[in-house]
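structure for this input, please:
(2 chains)
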Amino acid sequence: MKLSVSGLNKTYSNGVHALKDVNLTINQGMFGLLGPNGAGKSSLMRTIATLQEPDSGEIFLGDINVLTQKDEVRQTLGYLPQEFGVYPKVDAVTLLNHLAVLKGITNKGERKEVVEALLHKTNLWDARKKNLGGYSGGMKQRFGIAQALLANPKLIIVDEPTAGLDPAERNRFLNLLSELGENTIVILSTHIVEDVKELCSDMAIINRGQVLYKGNPFDAINELEGKVWSKRIAKAELADYKNNFKVISEKLIGGTPLIHILSEEGNPDGTFEGVAGDLEDVYFSRIITAA
Amino acid sequence: MLREILRFEFDYRKKRPATYIYFGILFLFCFGAATSKYISIGGVAGGQIKENSPFNLAFMTVIMTFVFTFICSAIMGVAVLRDFDHKTESMMFTTSMSKFDYLFGRFLGSFLVMVLIYSSIWLGFMTGYSIGKFLPWDPSWKEKEMLAFNAWSYLQPYFVFGVTNLFIQGAIFFASGALSRKTIVIYTQGIILLVLYQVTSDILSDIENKTFAALIDPFALRAFEIHTEYWTPAQKNTQIVPLTGLLLYNRLIWCGFAVFILAATYFAFNFNVVQKSFFKSKKTKKSENNLIKPETVKIPLVHQHSGFTTSIQQLIQQTKFYLKLISREIPYLAIVFVGIFNLVVSGFYFDQMYGTSSYPVTANVIELLSEFDLFFLIIIVFYSGELVWKERSVNFNLIVDATPVADWVNLTAKFLGLLLSNIILIFILIFCGVCIQAALGYFNFELPLYFKSLFSSTLAFILLYSLLSFFVQVVSNSKFVGFALMFVFFITTFFLGAAGIQHPMLIFGSGRLGSYSDMNDFGHFLTSFSWTKLYWTGLSVLLFALAIVFGVRGSEAILKSRIKVGKLRLTRPMLAFVLTSLLVFIMSGCYIFYNTNKLNEYTSQEDREKLQVEYEKTFKKYEKTDQPRIIEANLKVEIYPEKRDFTAEGFYWMKNKTKKVISEVHIQNDVLHKMKLEYLTFSTGAKVKQKWDKFDYTIYQLNKPLQPGDSVKLSFKTVFETKGFVASGSNTNVVYNGTFFNNGYFPSLGYSSDFEIGDDDERRKYKLPEKERMLEQNDPRGLAMNLFGDDADYIRFEMQIGTSKDQIAIAPGYLQKSWEAGDRKYFHYKMDVPMVNFYSIVSARYEVKRDKWKDVDLEIYYHKGHPYNLETMMTSMKRSFDYFSKNFSPYQYRQMRIMEFPKYSDFAQSFANTVPFSEGIGFIQKIKDPEEDLDMPFYVTAHELGHQWWGHQVPEAGVKGNAMLSETQAQYSALMVMKNNQSPELMQKFLKYELDRYLRGRSAERKKEQPLVEVEAQGYIHYQKGALVMYALQDYIGEDKVNLALRNFLAEWQYPGPDHPKGRYPTSRDLLGFFKAQTPDSLQYVIEDMFETITLYENKAEKVSYKKLKDGKYEVTLSVNSEKFRADKEGNEKSIASNDWIDLGVYTLDKKGEQKLIYLKKYKVKKGKSEFKIIVKELPSKAGIDPINKLIDRHSDDNTKTAEAAEVS
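This is a model prediction of the structure:
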């Protein structure tokens, strides 16, 4: 089964062109959707999750037309929105059980089993009787994951799932996702390059509603071979460098900027050092090139 | 800093469109109220009270503060809450401002905005009344002379009531918003305020509670009403309502309370971001050692189901979930609590009449429970909004929306959750009802009736408004717009009626089940109720289905995508459902229309008024045309209770009592009840000269003109047929069990001035001249006819009635024979002496109680299960006959019967030897404590029996002052019977109620107040003032003198009319002559004051002191102030010279610690201050002037004062 998106367009009533002719084919396994805030990731994911209507375009999940056969999609969907809240005065077991019914798990025994398994899986077992209002950000996020995994979804959409998790939680979560990715389509959106690098066999970079790149992360990195150069410069020089070179990233190391530039013709003025590009460079270079 | 925050708040509001919308709506509404016929606020203007009078302006201003509560909560409640909602509180609180500046800056800023918005009200009124005459449409007062413009009349109430109310409400809303940080708490707050007002209306059924009621009402509306309740129209037109007395105290108390609340808010407000919960959070249990490692957990495979069965399971699950959610909400519980509190308070003052309660029979308790309807509505409107927005408000919506639940499940579950939460309340209500009954010592609970009533009309009400409210919430897709729309919807519905749109098919949720009568059950109302409810259910379900189709699911709410998705949702089953409900709506609509407009004729209020106008214009010219008079009525009436039909067939004998030949007879057949004449013939033959079908008015040309003194027989058959059901005003006279109608249904003679529009304001609307309410006392036509009309004087009467086998039918006269034929039962009645032309026809399933007074048979026909007061009624009959026959004249019949009829009306009425008596009064009144409670069944029975003399032995002329002969004398008769049977304290209690009702009655007079001797069908004069005046008269000149006067009057005027030696009917002046004859010269002024003019006193005890004398007695020194006023017809009063005989009285405390009157004597009291010394034996407790309120005095409570021991000098 694969998910194919073609010709997807969406303009919001405030004039923002959120999706511009998006075409993607997503196979089983982990798919990373990389892009800065406001790039259109969530719009795309909500559209796939049947929660939003595109202006034009088509989405097919296997044979299912996502835009018209919403119920069929929802049957196989696990969705974790970017931001969500909970009923503060309800505990995790109750709410999970409730959602399980909504997902169509009407057999009581099965429901109990799956709810308990997921609470263990997400390490919420101890806090299962606690009102959700008292959950920390990480616990809430894990609850979100647990609900997304109810009913063995074939399509899992997780929107910025690692935001707000501490490193240990993040690891555990990513492991869990990769476990699932074996026979499921998992779409993971993030603006953290590391997440994609570690997990995804396939990815797309999206900015301002447009898909800038799609393919394997390693191919993308290979493409950059010999084209990324770095240099430590003084703060005052930054503006000059930006004018003269294609600066793809800048970060402060010990208070002084370290810049990466993109240059196809080797070391531009000899003062740069060649570096092996990584996915982050891919990401920034794609975005800057497109701009 | 305070200033900046104030300015910030003010500027924020200045930029919000809502501010201008509020202003605009209020302005338009008030402008409309001032200039439109259809919008009215409070409805106190009209008649004598000018629309732009200070009183009306003040009243409307106070009422508008009620309406303003909604806006106030929106502005004040969110002043602080906004920071929390927008999550800017961290930013606000970390700045350098102080808590004081922050809080009061916000408060004052919002308050200032409210004060400005509220000025729309006086601006609206002012503009309306200034330019109203020049508008293209006609204000109701267009033809009227208005008062000169006075800006202070608009501004004074704005400041005194408006701004203070804003401050009070504002403080409370501000506090609840700032402290609770929850929107719904603010609304709950508003409801509590309204309930406080509602409670004041409950406790006011006991007039002793006036002061308390005036003080506890936060809106000052009640204080305003009580403060001005005795104001005459003249005062209302000229005086500004001053901030004194109760009003002042009310304002002080509540403004003080508001200041206190603000101070409390300051101290309680936590200037921290995280608010500590009031309840400590539960300590979580120590975590059990989790042995299972997350990595090793395998997520089991589960089966996912879909389809209809799954949907139902999901529906049940969701419904339970939402039901739990609602029932745990504090505001929900608070609303329920205040609603029930309100019921309990009402329960204490259950159905009072003159301070006497009714038995809490289930039917009445159910009516009491309907006070809770308002709370149902509040819960429905709020929680439909809350539920529709529930997921979105906690940001959980995307998760739920992405689950594979059918689109209809979620919204339906929310609806069902709300419905169930209300059904639980119905059970609680029933429990409350039973508790109220038990608490009042009544144990016949009739649970099935509770269920029948609450699960039909109440449930239907809940169902329809819930569906509607969900629809509005979903479609508007904004909680607050939804609330506002519902509010607007209620207001519009309310005013649609006034604008003439009254058809049940146009008024949402119409179809009343009507009040339950123990006798007639829900009667025929059930049919129309069921059909109209089905009709509205069809529509509501349709709307709800549309809400499902176009409901928001997912992250987008724009219309385009809702329509796009909506089309997908219109699946076949959904479409079938929508079409079915549409079909139900249309089909039931057709059936209703067929019933109300085809089987029956539908007329609006305005149609009827126009018909009245046309009637007057067409036929007024025949008013004085001489007609023969009925001298005999002999009819066979067949009643079919189960079909609600009857026929009447028989004849009248009519005699020409004039001195002229009559050749044309005008027959007015009944049009009000749509009677159909099958035939009408004259024994000597006649042909139709002219006929108006619309009015069923026919002029017959007699073949043989009727010579003076000659008679003609008029034979007819008339039919009353019930066809289907009507839109409104369903007939409650002819019913399944408890039929009661009178000869008003039968053909009458000539023009009937009763059909004319009586109210001058209405007449002006149709450009008719103003109308006198009654004929002058010297009008020969009036003198020649009696209060029962000009069709007849005394008649011979005979009637045979057939009814269904299980019922007893009763008409005036004596039962000659009773027999059964088939499934019907027949009764033949005949009166053996002449009687007035006014007879009742009654039929119901009755139990009978019989007794005897001398040779007179006493019978009470009552509904099984209403035996409570039969003994009282019997006793009352016997005592009345004793007193009346001894003091007035012998009773003219050999029998007296009282018959219970259903409580669609609350009155008793006297016919010859027959008194139909409503089940609503008397039959279920409870005399809890014979020493404390007035025995109303006893009193009403005596009053009606009094009419056998006053009305039947002497019917009065149909001219001004007439009711002084019948009603006032019946009041006097009953008072005397009561005086001989009840304690003086109870008499005083009764008179106090009468005084209160008289003073309030004159305050609401629309045309002109008349002195008693000229009374024009004004109940507050001929009943209330009449009772007071007659009681005082017998006190001044002596009971035996009054009775002698009445005896002499009867001797001279018994059975009057053209055939009587006097040749006419008597007037009030005739009776007054007899009173005057028995009154010594020194007291003739009393007659003038009480009967011939409108006289009021202001008597007051200024100072009361006493000292002990050597002989052990006490000398009481009494300083009093007395002033006498004459009022004109508008209520302008002027002080007049006086030197009158007035009671002075002294009280002592008896052993039980109660006040006991030990001294009462009349003194000559001059105008102004004077001092009296009185010697009494016992220790005086209080003393005063006119202590038991025999005179009409607006401040009857200041007549006595506590006695103080004088300082020893």
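
state the distance from the residue in the stretch 101-250 of chain B positioned nearest to chain A to B:Glu1115.
Residue of the stretch 101-250 of chain B nearest chain A, by Cβ to the nearest Cβ: B:Lys182 (12.2 Å). In this view, the C-beta of every residue, glycine as well, is placed from N, C-alpha and C. For B:Lys182, the distance to B:Glu1115 (Cβ to Cβ, to the nearest Å) stands at 67 Å.

equivalent analysis for A:Pro81, please.
Looking at A:Pro81 against B:Glu1115, where the rule is Cβ to Cβ, the gap reads 92 Å.

okay, buried residues for stretch B:2-21 please.
Residues of stretch B:2-21 classed as buried by neighbour count (16 or more other Cβ atoms under 10 Å in any protein chain shown): B:Leu2, B:Ile5, B:Leu6, B:Glu9, B:Phe10, B:Tyr12, B:Arg13, B:Thr19.

secondary structure element holding the last one?
It stands for B:Thr19. When elements are defined using DSSP states H and E, B:Thr19 is found to belong to helix B:17-35.

after the helix or strand bottoming out on mean pLDDT in chain B, next one along is what?
One helix or strand of chain B scores below all others by mean pLDDT, DSSP states H and E: helix B:89-93, with a mean of 62. Scanning forward in sequence from helix B:89-93, with DSSP H and E defining helices and strands, the next element found is helix B:99-131.

run a quick neighbour tally on the residue nearest to B:Leu221 when sequence neighbours are not counted.
For B:Leu221, ignoring the flanking residues on the chain, the nearest one in space by Cβ to Cβ, 6 or more residues apart in numbering or on different chains is B:Val62 at 5.0 Å. Around B:Val62 there are 24 other residues, counting by other Cβ atoms under 10 Å in any protein chain shown.

and if you look at A:Val16?
Close neighbours of A:Val16, defined as other Cβ under 10 Å, add up to 14.

rewinding a little: need the per-residue pLDDT for the residue of the stretch 101-250 of chain B closest to chain A.
Looking at B:Lys182, its pLDDT is 73.

from B:Ser393, how far out is it?
Plainly put, B:Lys182 is 11 Å away from B:Ser393 if you go by Cβ to Cβ.

beta partners of the closest residue to B:Glu1204 other than its chain neighbours?
With sequence-adjacent residues excluded and distances taken as Cβ to Cβ, 6+ apart, B:Glu1204 is closest to B:Ser1105, at 5.1 Å. In this structure, B:Ser1105 bridges to B:Thr1117, B:Glu1204 when assessed by DSSP bridges.

now do the contacts for B:Ser1105.
If a contact means Cβ atoms under 8 Å, 6 or more residues apart in numbering or on different chains, then B:Ser1105 has B:Val1116, B:Thr1117, B:Ala1203, B:Glu1204, B:Ala1205, B:Ala1206 as its contacts.

quick one, which of these are buried?
The neighbour-count criterion (16+ other Cβ under 10 Å) marks B:Val1116, B:Thr1117, B:Ala1203 among the contacts of B:Ser1105 as buried.

quick check, nearest of those to chain A?
Sorting the buried ones among the contacts of B:Ser1105 by distance to chain A puts B:Ala1203 at the head of the list, at 63.8 Å, by Cβ to the nearest Cβ.

which pLDDT value goes with the closest one?
91.

distance of it relative to B:Glu623?
According to Cβ to Cβ, B:Ala1203 and B:Glu623 sit 62 Å apart.

quick one, domains of chain A?
Dividing chain A into domains by automatic domain parsing, as the record does, gives the ranges A:3-216, A:226-275.

where does chain B have low pLDDT?
Within chain B, the stretches falling below the threshold (pLDDT under 70) are B:85-96, B:205, B:271-292, B:350-356, B:1208-1209.

re the thing from before, mind putting the buried residues of stretch B:2-21 into TSV with secondary structure and distance to B:Phe682?
Written out in TSV, the entries for the buried residues of stretch B:2-21 read as follows (DSSP: H, G, I helix; E, B strand; the rest coil; distance: Cβ to Cβ, whole Å):
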residue	secondary structure	distance to B:Phe682
B:Leu2	helix	92
B:Ile5	helix	91
B:Leu6	helix	87
B:Glu9	helix	85
B:Phe10	helix	84
B:Tyr12	helix	84
B:Arg13	helix	80
B:Thr19	helix	75
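
biggest separation within those residues, which pair?
Taking Cβ to Cβ as the measure, the buried residues of stretch B:2-21 span a maximum distance of 21.5 Å, between B:Leu2 and B:Thr19.

could you pull out the helices in chain A for me?
In chain A, the helices defined using DSSP state H lie at A:41-48, A:70-75, A:92-102, A:108-121, A:137-149, A:167-180, A:193-199, A:217-223, A:238-244, A:279-290.

save these as TSV, and put in distance to B:Glu614, mean neighbour count and mean pLDDT too.
Output for those, formatted as TSV (distance: least, Cβ to Cβ, whole Å; neighbours: other Cβ atoms under 10 Å in any protein chain shown; pLDDT from 0 to 100):
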stretch	distance to B:Glu614	mean neighbour count	mean pLDDT
helix A:41-48	68	25	92
helix A:70-75	64	21	91
helix A:92-102	66	22	93
helix A:108-121	74	19	92
helix A:137-149	73	22	88
helix A:167-180	84	16	80
helix A:193-199	86	20	81
helix A:217-223	92	16	83
helix A:238-244	92	12	84
helix A:279-290	84	21	79
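
so which of those helices gets nearest B:Pro404?
Nearest to B:Pro404, of these and by Cβ to Cβ, is helix A:70-75 at 3.8 Å.

which secondary structure elements does that closest one sit against?
Taking 3 or more Cβ pairs under 8 Å, 6 or more residues apart in numbering or on different chains; DSSP states H and E as the contact definition, helix A:70-75 has no neighbouring helices or strands.

show me the contact partners of it.
Defining contact as Cβ under 8 Å, 6+ apart, one finds that helix A:70-75 is touched by A:49-50, A:61, A:64, A:66, A:104, A:155, B:304, B:306, B:402-406, B:568.

chain center to that helix, what's the gap?
In terms of Cα atoms, centre = their mean, to the nearest Å, the centre of helix A:70-75 is found 21 Å from the chain centre.

for stretch B:27-47, same thing?
20 Å.
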